[in-house]
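Chemist: show me the folded form of this:
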Amino acid sequence: MGDIATRISAELRNEYVLGYKTDDTRMDGKWRKVKVKLSPPPGLPQLTVHARLGYYAPLQ
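Modeler: Below is the predicted model of the structure:
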C-alpha cells in the first residue's frame, strides 16, 4: 500500500492546471475549439496531456 501512495503522491506533485481566456468576446453560444500542444524538452520521460476539445461560449 505504501508504494501505491508514493506513486500517487508523485503524480499529484507533477500535475499542472492551465487557464485560458479567449479574445473572442461574442456571447453566441457557439462551440469554440481548443487545441493544446505539448513540446517537452529532450530527456524527459513520456508526458501526457488531458484537455477538453473545446467549450460552448456563454449566451447573452
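Chemist: now the strands for the protein?
Modeler: Secondary structure of the chain, counting by DSSP state E: strands at 31-33, 54-56.
Chemist: just put the ones you listed in JSON lines and tack on mean neighbour count, mean pLDDT and distance to Asp23.
Modeler: Heads up, the C-betas are built off the backbone N, CA and C, glycines and all. Supplementary listing: those in JSON lines, determined by neighbours: other CB atoms under 10 Å; pLDDT from 0 to 100; distance: least, CB to CB, whole Å:
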{"stretch": "strand 31-33", "mean neighbour count": "10", "mean pLDDT": "96", "distance to Asp23": "11"}
{"stretch": "strand 54-56", "mean neighbour count": "11", "mean pLDDT": "95", "distance to Asp23": "14"}
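Chemist: adding distance to Thr6, write those strands out as TSV.
Modeler: Listed next are the strands of the chain as TSV, based on distance: least, CB to CB, whole Å:
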stretch	distance to Thr6
strand 31-33	38
strand 54-56	35
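Chemist: what's near enough to touch the nearest residue to Gln60 once chain neighbours are set aside?
Modeler: Excluding its sequence neighbours, the residue lying closest to Gln60 (CB to CB, 6 or more residues apart in numbering) is Met27, at 4.6 Å. For Met27, the contact set (CB atoms under 8 Å, 6 or more residues apart in numbering) comprises 57-60.
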